[in-house]
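J.: 3D model of this:
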Amino acid sequence: MMLFSSCLAQADEKGFKNLFNGKDFTGWTQKGGIAKYAIKDGIIVGTAVKGTPNSFLCTKKHYSDFILEYEYKCDNRLNSGVQIRSNTYAKEVTKKLENGKTRKFPAGRVHGYQVEIDPNKPDRMWSGGIYDEGRRGWLYPGLQGGNDDEAKVAFTKSGQKAYKPNQWNKVRVECKGDSIKTWLNGQARADFKDSLTAKGFIGLQVHGIGNKDELAGAQVQWRNLRIKVLN
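T.: Just a heads-up that it's a prediction; the model follows:
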């Protein structure tokens, strides 16, 4: 579990609301691919399907500044993540990014910050890092958190210590203005500033597996999803 002072824990408990009712997907909608999402004993279970791109189970509501907490368990062969401040466009558009590059966004393409679930490459354990889905790629480590080999190796080593293979892992995410911070099982992970997107939905990703028969049916699970909206 995450380790916070008792005063902070008590203060933070006030104002949290469940994102998932434990019974059905009221308030959620699927975007992107057609991976399977189901509910079992109050847990959201995502199952990988061949021949489909990345799939996302997304909140219909959009959030700006918040504290998000959740637990996940992931097949160690599968890559996954949780989108925050993410969006789609109703029709294809071309946008200019902060790095000066332009990018074309197909209609319906999920893009935005992703809190990484990264167990399938143990030599690159970047769980809790931030990947900019559909836009700039790795932000932390990467564009905003050190793009050199030394920074990436250090982030991997701390990730290997924090991550619990085949067990439930707890994540905390804080978004306040341009500040984005994450923790994995109480271990500080990402901490940087980025102002490209201020508001968007939260989405649970099942990564595409191409046509790999051996990964079909691999699962990622989430539970205890809750959010505290900040002023």
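J.: which is the next helix or strand following the longest helix along the chain?
T.: Counting by DSSP state H, the longest helix found in the chain is helix 149-162. Of the helices and strands lying after helix 149-162 in sequence (DSSP states H and E), the nearest is strand 169-176.
J.: now do the buried residues in the helix or strand just after that following strand.
T.: Note on strand 169-176: by DSSP H and E, the next helix or strand toward the C-terminus is strand 179-184. Using 16 or more other C-beta atoms under 10 Å as the test for burial, strand 179-184 gives Ile180, Lys181, Thr182, Trp183, Leu184. To be clear about C-beta, it is placed using only N, CA and C from the backbone, and glycine gets the same treatment.
J.: in the helix or strand following strand 179-184, what's buried?
T.: Next in sequence after strand 179-184, counting helices and strands by DSSP H and E, comes strand 187-193. For strand 187-193, a neighbour-count test (16+ other C-beta under 10 Å) marks Gln187, Arg189, Ala190, Phe192 as buried.
J.: check which helices and strands the longest helix of the chain sits against.
T.: Here helix 149-162 touches strand 187-193, going by 3 or more C-beta pairs under 8 Å, 6 or more residues apart in numbering; DSSP states H and E.
J.: quick one on the thing from earlier: tilt between the longest helix of the chain and strand 169-176?
T.: Helix 149-162 runs at 130 degrees relative to strand 169-176, counting by axes from the mean of the first three to the mean of the last three C-alpha atoms, to 10 degrees.
J.: give me the angle between helix 149-162 and strand 187-193.
T.: Using the same axes, to 10 degrees, helix 149-162 lies at 140 degrees relative to strand 187-193.
J.: what's the weakest-modelled helix or strand in the chain?
T.: In the chain, no helix or strand scores lower on mean pLDDT, DSSP states H and E than helix 6-13, which sits at a mean of 48.
J.: what mean pLDDT does stretch 181-194 have?
T.: The average pLDDT within stretch 181-194 is 97.
J.: just for the chain, where's the confidence low?
T.: 1-12, 99 (pLDDT under 70).
J.: could you redo the last one with a cut-off of 90?
T.: Filtered on pLDDT under 90, the chain yields the residue ranges 1-14, 95-104, 120-123, 142-149, 231.
J.: once you drop chain neighbours, what's closest to the spatially most central residue of it?
T.: Closest residue to the average C-alpha location of the chain: Val82 at 2.0 Å, with C-alpha atoms, centre = their mean. In space, and not counting its chain neighbours, Val82 is closest to Val115: 4.7 Å by C-beta to C-beta, 6 or more residues apart in numbering.
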